[in-house]
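**Student:** dropping the sequence and predicted coords here.
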Amino acid sequence: MGNKPSHHYEPVKEEETVFVSTETEVYRIPSLFYDRDRQILMAFAEKRRTSNDASAVALVMRTGQLNKDETTHEVTVTWSDLKLVKEAHLEGYRPMNPCPVYEKTSKTLFLFFICVEGTVSECWQIFWGCNKARLCYITTNDGGQSWSAVTDLTDKLDEIQSWATFAVGPGHGLQTEAGRLIVPMYAYYPCSPTCLFYCCTPYALYLFSDDQGKTWQFSNRLQKISLECEMAEVSDDTGLKSIYCNARSKGGYRVEALDKNIGADFITLPPTDKLVETGGGCQGSVVSFPVQSEDAHADGDPSKNPNKWLLFTHPSDKSKRTDLGVYLNKLPSDPNGWSKPWIINHGPSAYSDLAYIGDGWFVCLMECGVKEITERIAYKIFSYNEVKQGIGE
């Protein structure tokens, strides 16, 4: 069942580490944003005392300056020192799930996250149907050198009051070509107003703004059980744009959906064995990018083709979090269009986040290690041509 991974892979190099864990500090939940104006990467993560979700204490970041060798075309990154994002904080709460989204007109980066009361676990909230999470964001206009005070949207959005709990991302959001800001998320909905005790079901949806982040509202949810998700804007031969959603499931295969009405309804795509889910589930990342020329020496020109292709990263093993794979789909509305995976990290691998940096190049931020996935968060830069070679095209 499904596609067997390509045997072509390169282990992540030690110098490609962005966040490294120790006995007293564990870094998890990578999130990545590429600032095209400054040509910098902004990498975010949770700082925890242990690997346990309830031990998160802060969000951290590092910025990476891109360096391109004009002769070899190789791209490298020079990273800044680690910085504590102290503004991402509510007293008595722990910040989790960094999820950046950029508003191009005002050149404002919104860093969304949730704040969860004390050390309350997600399982506790689901069991009792009692939400202890808050929906927050901070903003920056200078590439993360300074941040605004925290904005708490929780009490401004009535739907949250009916959820057992929820989370954004984690990973990245997007701004559509029409200007809509989209923050992917999932929420646990009670089966009925009177039901408690594990009778809550998760569904993916998104938070959006059509006024540059001044006001926010929720889309309709997916109609299939779905958890952590990422989204991308895609378009077909006619130029019709849709929001593609790729979501974590509770096992088996990934959940894929298309929102052609942009906020009104998601249509769940037919199930396929192309993208296996890992064990009880794992987060994955997806980005859309311009159609690339099949000429290895030519860059893709989006003005000649309205279509977008998709790239997806996720552990490729069906039973455990290992062997992070990169998957390509040239037909976003067709779940059977996914390629077999190209393994970019052989060994323990879990959460990841992708960024498209232009000219057919990508960056992936990933959890990985020699023995455990919590050992470090590393980055990998690769080109579309490497993807083609890796998947055997």
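**Tutor:** Nice, I can see it.

**Student:** so where do the strands sit in the stretch 1-150 of the chain?
**Tutor:** Along the stretch 1-150 of the chain, the stretches classed as strands by DSSP state E, counting those that start in this stretch are 17-20, 26-35, 40-48, 56-68, 75-79, 83-84, 93-103, 108-117, 133-140.

**Student:** and those, which one averages the lowest pLDDT?
**Tutor:** Sorting these by mean pLDDT places strand 75-79 lowest, at a mean of 90.

**Student:** just how off-centre is the host helix or strand of Lys388 within its chain?
**Tutor:** In this structure, Lys388 is located in helix 384-391 according to DSSP states H and E. Here the centre of helix 384-391 is set off from its chain's centre by 21 Å, with CA atoms, centre = their mean, to the nearest Å.

**Student:** same question, stretch 309-323
**Tutor:** 13 Å.

**Student:** go on, stretch 318-329?
**Tutor:** The answer for stretch 318-329 is 15 Å, by CA atoms, centre = their mean.

**Student:** I'd say Trp342 and Tyr384 touch.
**Tutor:** No - taking contacts as CB atoms under 8 Å, Trp342 lies outside contact range of Tyr384: 11.3 Å. C-betas here are computed from N, CA, C, even on glycine.

**Student:** those two: which is more packed in?
**Tutor:** More crowded of Trp342 and Tyr384, by other CB atoms under 10 Å: Trp342, with 26 against 22.

**Student:** go ahead and confirm Met61 touches Ala43.
**Tutor:** Yes - at 6.3 Å, Met61 and Ala43 qualify as touching, with contact defined as CB under 8 Å.

**Student:** looking at the two, which is more packed in?
**Tutor:** In terms of neighbours (other CB under 10 Å), Ala43 is the more surrounded of Met61 and Ala43; the figures are 27 against 24.

**Student:** surely the more buried one touches Ile29?
**Tutor:** No - if you go by CB under 8 Å, Ala43 and Ile29 don't touch, sitting 11.3 Å apart.

**Student:** without its sequence neighbours, what residue ends up closest to Asp317?
**Tutor:** Asp323 (5.5 Å; CB to CB, 6 or more residues apart in numbering).

**Student:** what is the orientation angle of the helix or strand hosting that neighbour with helix 384-391?
**Tutor:** In this structure, Asp323 is located in strand 322-329 according to DSSP H and E. Computed with axes from the mean of the first three to the mean of the last three CA atoms, to 10 degrees, the direction of strand 322-329 lies at 110 degrees from that of helix 384-391.

**Student:** list the buried residues in whatever helix or strand comes next after strand 322-329.
**Tutor:** Counting by DSSP H and E, the next helix or strand C-terminal to strand 322-329 is strand 342-358. Within strand 342-358, the residues scored as buried using 16 or more other CB atoms under 10 Å are 342-357.

**Student:** between those, which is nearest Gln39?
**Tutor:** Gln39 lies nearest to Ile357 out of the buried residues of strand 342-358, by CB to CB, at 8.4 Å.

**Student:** quick one: low-confidence ranges for this protein?
**Tutor:** Across the chain, the ranges flagged by pLDDT under 70 are 1-15, 192-198, 263, 294-304.
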